[in-house]
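Undergrad: Pasting the sequence and the predicted coordinates here, then a few questions.
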Amino acid sequence: MKQMIIHGGKPLQGDVWIGGAKNSTVALIPASILSRTPVTLEGVPRIADVDNLMDLLSEMSVASDFQNTTLRINPEHIKMSPLPSGKIKSLRASYYFMGALLGRFGKAVVGFPGGDDIGPRPIDQHIKGFEALGACVKNENDQIKITSPADGLHGAKIHLAMPSVGATMNIIMASVTAKGQTIIDNAAKEPEIIDLATFLNNMGAVIRGAGTDSIRIEGVERLEAKTPHTIIPDRIEAGTYISLAGCIGNGICIHNIIEEHLDSYLAKVEEMGVVIDATEDSLYVYPAGDLKMTQIRTSSYPGFATDLQQPVTPLLLSAKSGEGVIIDQIYPKRIGHIEQLRKMGADIKVEDNIILVHPTAKLHGTTVSAGEIRAGACLMIAGLMADGKTVINNAGNILRGYDRVQEKLRLLGANVKIQDVPEK
Ligand SMILES: CC(=O)N[C@H]1[C@@H](OP(=O)(O)OP(=O)(O)OC[C@H]2O[C@@H](n3ccc(=O)[nH]c3=O)[C@H](O)[C@@H]2O)O[C@H](CO)[C@@H](O)[C@@H]1O
Ligand SMILES: C=C(OP(=O)(O)O)C(=O)O
């Protein structure tokens, strides 16, 4: 097990560079098998999800090589193989192999995906989409078996019951090579969807409307990567460092961001009193000052991201007065961090899935557990604010999505160490 050890209470300052977006990367790696030629991805974050996806590629005889921030994937000798279990369970995004294998081979056998424990995460909309394209989908022994009809997948009009990121991406991957036109209505609008569409369009796909709620795809025969693709910056990682800077920063400059992707987040933290200067692709967060309490309700993009409700919580704890309210409409059960924060002395509770936050003048270090990635990010910030030593167990969950986090925190002056300890 990985453990993160923090000696907190020390103001942090300096510069931090944001990596490529986890949620783009984990879609683009599976999407790479749609190409008949080698793919180069630039700006790839050093995160555990990437290592696990590379292992899954190798199970299909797809070679990959990751140097610095460049990931080269060669799908020229790909062998269609089932991906029943193992690494599939280590991350959510392994479900993108359903759409990608379907688009490339017209069939897929993929184990039920894993990922963060943040409440129920059904995939009915993904399956509805595959079926609309003509595929037969069976769920047998925790495996999804998908087969196209003899004459291949055909375009269809699909209305999603909710703007699901995963379903939108999976349907795009399955339909890029289907015959005719596919229309996805009520599609998710997240920037990572535009990134996927740009990547596939540069390989010859015809996808229009990504970033709006209606995406149109004209099927093409084959895709060939010709130019390297640079992954967009991770808006969730950026938001996490903004929260950290607002809580315990003594002037922190956050580089490699797309400000527009953070609009609703920045509006909220600025309303709380965090002072930020934005330049072209960086933000300077002024030393932490007095903060006002706020209310947050998460929603789909461009609303306040569910993935930022936990990282922003320490900022609410830092407010001077009042009662804060956090309602996660996307994952109402994403509340595992609350009990852990309470162990650190936070005045915070949950009533009917509504998180109620009260100002907490001081947090104290103790042993806590990162139940999932963003709970881990929240506890990491709390640990940096707290007096004394914080030990975060299950810190591997943080490494699922935070690029070179120990290095970045140390550059800001943090006393932090990640170590391996035997499982008890
Ligand atoms: C790898 C990745 O990109 N993960 C992100 C992606 O997850 P993921 O793609 O799994 O999340 P979705 O956008 O699909 O989920 C949104 C909501 O729709 C529901 N739903 C979704 C699909 C479905 O078939 N049926 C259904 O009911 C979910 O339970 C949830 O309440 O978007 C989430 C919401 O922004 C983020 O928290 C995750 O970080
Ligand atoms: C929930 C998340 O990730 P995943 O969908 O990969 O589990 C997240 O990044 O916050």
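TA: The structure has been received and is ready for your questions. Ligands and ions are numbered 1, 2, ... in the order given.
Undergrad: Show me what from the stretch 201-350 of the chain comes close to ligand 1.
TA: Within reach of ligand 1 by C-beta under 6 Å from any ligand atom, the stretch 201-350 of the chain has these residues: Thr306, Asp307, Ile330, Tyr331. Every C-beta, even on glycine, is put in place using the N, C-alpha and C of the backbone.
Undergrad: near ligand 2, from these?
TA: Taking C-beta under 6 Å from any ligand atom as the test, ligand 2 is in contact with Asp307 out of those.
Undergrad: Turn the residues of the stretch 201-350 of the chain next to ligand 1 into a markdown table, columns for pLDDT, secondary structure and neighbour count.
TA: Converted to a markdown table, those look like this (pLDDT from 0 to 100; DSSP: H, G, I helix; E, B strand; the rest coil; neighbours: other C-beta atoms under 10 Å):
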| residue | pLDDT | secondary structure | neighbour count |
| --- | --- | --- | --- |
| Thr306 | 98 | helix | 19 |
| Asp307 | 98 | helix | 25 |
| Ile330 | 97 | coil | 19 |
| Tyr331 | 96 | coil | 18 |
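Undergrad: For Ile215, give me phi and psi.
TA: Torsion angles at Ile215 (phi, psi; degrees, to the nearest 10) stand at phi -110, psi 130.
Undergrad: Need the mean per-residue confidence for the helix or strand Gln3 falls within.
TA: Element membership for Gln3, per DSSP states H and E: strand 2-7. Mean pLDDT, taken over the full extent of strand 2-7, equals 98.
Undergrad: So that it lines up with my notes, have the first residue be 58 from now on.
TA: Noted, 58 is the first residue going forward, which turns the last one into strand 59-64.
Undergrad: okay, it in PDB with CA atoms only?
TA: Provided in PDB are the C-alpha atoms of strand 59-64 (Å, rounded to 0.1, in the frame of the first residue of the first chain):
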ATOM      1  CA  LYS A  59       1.100   3.500  -0.700                       C
ATOM      2  CA  GLN A  60       1.200   6.000   2.200                       C
ATOM      3  CA  MET A  61       1.500   9.700   1.900                       C
ATOM      4  CA  ILE A  62       3.200  11.400   4.900                       C
ATOM      5  CA  ILE A  63       2.800  15.100   5.300                       C
ATOM      6  CA  HIS A  64       4.200  17.400   8.000                       C
END
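Undergrad: re the thing from before, just the residues of the stretch 258-407 of the chain next to ligand 1 now: which is nearest ligand 2?
TA: Closest approach between those and ligand 2, by C-beta to the nearest ligand atom: Asp364, at 3.8 Å.
Undergrad: Now the closest one: closest residue in space, sequence neighbours ignored.
TA: Excluding its sequence neighbours, the residue lying closest to Asp364 (C-beta to C-beta, 6 or more residues apart in numbering) is Ile293, at 4.5 Å.
Undergrad: what about that neighbour, which helix or strand?
TA: Using DSSP H and E, Ile293 falls within helix 292-305.
Undergrad: Tell me the helices and strands packed up against that helix.
TA: Applying 3 or more C-beta pairs under 8 Å, 6 or more residues apart in numbering; DSSP states H and E, one finds that helix 292-305 makes contact with strand 69-74, helix 79-88, strand 306-312, helix 320-329, strand 339-342, helix 366-374, helix 430-442.
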